[in-house]
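In: Model the structure of this input:
(2 chains)
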Amino acid sequence: MAQIVLKHISKKYKEDTIISDLNLTIKDGSFTVLVGPSGCGKSTTLRMIAGLEKESGGEIWIGDQCVNHMQPGLRDVAMVFQNYALYPTMTVRENIEFGLRNRKVPKPDREALIRDICEIVDLTPHLNKKPQNLSGGQRQRVALARAMVKKPKVFILDEPLSNLDAKLRNQMRTELIQLHQRLRSTFVYVTHDQVEAMSMGDEIVVMNKGVIQQADSPMKLYHDPDNLFTAQFIGTPAMNIMEYSRVPGLKAEAKAVIKYIGFRAEHVITNLNELKEGLVVEGEILTRESLGSENIYQVQSAAGLFFVKTFLSPLLTASHMKVIIPYAQLYYFDSNGSRIRGIETPNHAAAGKVQEAARNRALLGVGGA
Amino acid sequence: MTLWEKLRPYSMVAPALTIFSLFFIYPILYMIYLSMYDWNFISPTKNFVGLQNFAELLQEKEFLQVISNTTIYTLLTVAFIIGLSLILALWLNRAGLFQSFVQGAIFSPHIVSWVSISMIWAWVMDPQYGLLNWFIGLFGFGKLAWLSSQSTSLISLVIVAVWKGLGYNTLVFIAGLQSIPKDIYEAAALDHSKSWTTFSRLILPMLSPTIFFLVIINMIGSFQVFETIAIMTQGGPVNSTNTLVYYIYEYGFRFFKIGYASAAGVILLFIVGLLTIVYFKMLSKRVHY
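Out: The predicted structure is shown next:
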């Protein structure tokens, strides 16, 4: 259990600067997720914490020690790799005890540790098999067991669920969350999948091009994004962004110049009777996706393409759609992509009360629809 | 299926099969046949002698020394080639201009003919004017007789063979090393594994298919060494470098005792065949795939 602090970290590969002046504190015992698109530097950051990459500048502190010059094996960090990196010529038992043997842990202690760990991850029947005779999920658990048995201060997981099928991924997600609650170690998790990030993390660090866009709890990222990138990265489908000038009938006062507005597909209200005050947008429905509990519509409007998401409602078959978005659910951004907060539109206060009533009605209506 | 459709695959293989049968299978069978005759290559008649050639061979002191020389030569060559090329491969398994250059340089002996190499090394190992004695003289060593002395002649040939084979074997090892995924090394580093542990418990087992392959082909090749002996030592001095294939050559084409030579050839065939079978049976279990 240890806090990790990255101070002014930079990383260069020959001429390319991947990361410059990264400052991050990962709280002790938290489940922190580094999330971002490919090439954003999240795996590089992770590997620098593990000691597999040397930072070009800055300091890394694990607990109360600066680990810049410490070997990976001495940092008390365990890592689960994307491709598991199991030793193919060794059995499951030998894979798990390799680290312990290198630390000269005596045999009876090793046996006890392995026994306990295998019960936790349910590997006891597979101890004498080699990795090639195991399924993907089982290999995943061996990789986890190998990391856990060392009882490290920090667990590092580099996209461990990417190679699993969807169902197994969901199962392992809950297992990992439970594991974190049980072990209470600091978990640092890297993924490009924002659904994974949102469901697992206490704290999510959104990165793009080597820069931290926002580091916050999942709900804060969802409700209160700092910038355009974060707003569009979190949420499925991505937040609808339109140019302010192209949106008909919207007037807002702000200190900064508004360039973009955004709203989430799930905040769009399709029944115009539910809400009187709000941004009205209409357009041609291009595609309809029905996912069982929710429907996603892609609509082409004068201001651009946007998505609408409805829950537990029948699929709309009309070719034209007119929707309304409550003013309170609009997000405003300037030309740099930074969020502009504290904007009030005319009738905003009144719209708030009407919107509350509408939302309550919608919730009641769900069961009967 | 029509007749032609049935015959077509065989007609495709026929040319290769014909050549293979004519130049490989037939000579082997003919050699086995000849081993039971006494023939001097010129006379139109052959005398059937049954297994007498074999009986003579196995009691002949010279032949037994030949077998011993060939075995020692093979063991030394294989041991040094595998050991040195593995070390070289570990050092050269990195990207870089220097590494690429050295990889190319050590591979060049592989593409030069044995005959050329034998002639050049014969000069290099000349006791009076050779480059090798000059070179070791720089470090304060006295001149060695190399090919001219009974005690050092076989090891001199081993040196030549190792020099020639190093490049090819190193390259194969480098290919084997590069098939090991990088994250195995990283996982081992995080498991606090020292270099030797990583090598002996992880790398070496993962290289076992490559080692298996290289040992057997080097062994079979070394057992059949001929060019260096024919050009550099002619089996001498005093039979110290007389090896099996050279012995067959001498008795077959110099002394014209074809039957006797064929019997020696059959013994060579038998030894190599036995070696291969035993090798596969014993060691294939220890290879991890």
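
In: The closest residue to chain A within the stretch 101-250 of chain B: what secondary structure?
Out: When distances are taken as CB to the nearest CB, the stretch 101-250 of chain B reaches nearest to chain A at B:H192, 3.2 Å away. The way it works is simple: take the backbone N, C-alpha and C, and place the C-beta from them, glycine included. Three-state assignment for B:H192 (DSSP: H, G, I helix; E, B strand; the rest coil): coil.

In: so it touches A:K104, yeah?
Out: No: the pair B:H192 and A:K104 does not pass the contact test of CB atoms under 8 Å, sitting 9.9 Å apart.

In: Which one's more surrounded, those two?
Out: When neighbours are counted by other CB atoms under 10 Å in any protein chain shown, B:H192 and A:K104 differ, and B:H192 comes out ahead with 21 against 7.

In: Skipping its backbone neighbours, what lies nearest the more buried one in space?
Out: Nearest residue to B:H192, sequence neighbours excluded (CB to CB, 6 or more residues apart in numbering or on different chains): A:G73, at 3.2 Å.

In: residue contacts, residue 194?
Out: Picking chain A for this. The contact partners of A:Q194, by CB atoms under 8 Å, 6 or more residues apart in numbering or on different chains, come to A:V35, A:F233, A:I234, A:G235, A:T236.

In: oops, chain B please
Out: Contacts of B:K194 by CB under 8 Å, 6+ apart are A:N102.

In: mind pulling up the phi and psi values for it?
Out: phi -80, psi 160 (degrees, to the nearest 10).

In: Can you pull the residues of the stretch 1-150 of chain A lying near chain B?
Out: A:50-52, A:71-74, A:77-79, A:81, A:83, A:85-90, A:98-99, A:102-103, A:146, A:150 (CB under 8 Å from any CB of the partner chain).

In: State the mean pLDDT of the helix or strand containing B:Y26.
Out: Assigned by DSSP states H and E, B:Y26 falls within helix B:26-34. Mean pLDDT, helix B:26-34: 93.

In: now do stretch A:223-237
Out: 91.

In: Repeat that for stretch B:279-289.
Out: Mean predicted confidence for stretch B:279-289 is 76.

In: who touches it?
Out: Outside of stretch B:279-289, the residues within contact range by CB under 8 Å, 6+ apart are A:P88, A:T89, B:P205, B:M206, B:S208, B:P209, B:F212, B:V215, B:I216, B:M219.

In: Next: stretch A:232-245.
Out: A:35-37, A:194-195, A:198, A:206, A:208, A:213, A:218, A:221-222, A:225, A:228, A:231, A:250, A:252, A:258-266, A:296, A:303-304, A:306-307, A:309, A:331-333.

In: Now name the helix or strand holding the closest residue to A:L100 other than its chain neighbours.
Out: Among residues not flanking A:L100 along the chain, A:R110 sits closest, at 4.9 Å (CB to CB, 6+ apart). In the assignment (DSSP H and E), A:R110 maps to helix A:107-121.

In: Could you confirm A:C40 falls within a helix?
Out: No: A:C40 is assigned coil when assessed by three-state DSSP, not a helix.

In: how many other residues sit next to it?
Out: Neighbours of A:C40 (other CB under 10 Å): 24.

In: Hmm, A:L164 and A:N83 touching each other?
Out: No: if you go by CB under 8 Å, A:N83 and A:L164 don't touch, sitting 11.7 Å apart.

In: of these two, who's got more company?
Out: A direct count of neighbours by other CB under 10 Å for A:N83 and A:L164 places A:L164 higher, at 18 against 15.

In: Next, give phi and psi for the more buried one.
Out: Taking degrees, to the nearest 10 as the convention, A:L164 sits at phi -100, psi 160.

In: Which residue is the nearest non-sequential neighbour of it?
Out: Nearest one to A:L164, counting by CB to CB, 6+ apart, is A:G136 at 5.6 Å.

In: Can you tell me the SS state at whatever residue of chain A ends up closest to chain B?
Out: Per CB to the nearest CB, A:G73 is where chain A lies closest to chain B, at 3.2 Å. In the three-state summary, A:G73 is assigned as helix, counting by three-state DSSP.

In: And it, how close does it get to A:T89?
Out: When distance is defined by CB to CB, to the nearest Å, A:G73 is 20 Å away from A:T89.

In: mind exporting the helix holding A:R110 as PDB, just the C-alpha atoms?
Out: This file holds the C-alpha atoms of helix A:107-121, laid out as PDB (Å, rounded to 0.1, in the frame of the first residue of the first chain):
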ATOM      1  CA  LYS A 107       9.900 -23.800   0.400                       C
ATOM      2  CA  PRO A 108       7.200 -24.300   3.100                       C
ATOM      3  CA  ASP A 109       6.400 -20.600   3.000                       C
ATOM      4  CA  ARG A 110       6.200 -20.700  -0.800                       C
ATOM      5  CA  GLU A 111       3.900 -23.600  -0.700                       C
ATOM      6  CA  ALA A 112       1.500 -21.900   1.800                       C
ATOM      7  CA  LEU A 113       1.500 -18.700  -0.200                       C
ATOM      8  CA  ILE A 114       0.800 -20.500  -3.500                       C
ATOM      9  CA  ARG A 115      -2.000 -22.500  -1.900                       C
ATOM     10  CA  ASP A 116      -3.700 -19.400  -0.600                       C
ATOM     11  CA  ILE A 117      -3.400 -17.500  -3.800                       C
ATOM     12  CA  CYS A 118      -4.700 -20.400  -5.900                       C
ATOM     13  CA  GLU A 119      -7.800 -20.700  -3.800                       C
ATOM     14  CA  ILE A 120      -8.500 -17.000  -4.200                       C
ATOM     15  CA  VAL A 121      -8.200 -17.100  -8.000                       C
END
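
In: which helices and strands sit right next to that helix?
Out: helix A:92-102, helix A:136-148 (3 or more CB pairs under 8 Å, 6 or more residues apart in numbering or on different chains; DSSP states H and E).

In: so where do the helices sit in the stretch 51-200 of chain B?
Out: Per DSSP state H, counting those that start in this stretch, the stretch 51-200 of chain B carries helices over the ranges B:52-59, B:61-92, B:97-111, B:114-124, B:131-138, B:150-178, B:182-190, B:195-197.

In: for the stretch 101-250 of chain A, same thing?
Out: Counting by DSSP H, counting those that start in this stretch, the helices of the stretch 101-250 of chain A are A:107-121, A:136-148, A:166-183, A:194-200, A:218-223, A:228-233.

In: Okay, and which of the contacts of stretch A:232-245 map to strands?
Out: Counting by DSSP state E, the contacts of stretch A:232-245 place A:35, A:206, A:208, A:213, A:260-263, A:296, A:304, A:306-307, A:309, A:331-333 in strands.

In: Would you mind listing where chain A has pLDDT under the threshold?
Out: Where chain A drops to pLDDT under 70, the residues are A:1, A:344-369.

In: in it, which residue is closest to the centre?
Out: Centroid check for chain A by CA atoms, centre = their mean gives A:A197 as the closest residue, at 2.3 Å.
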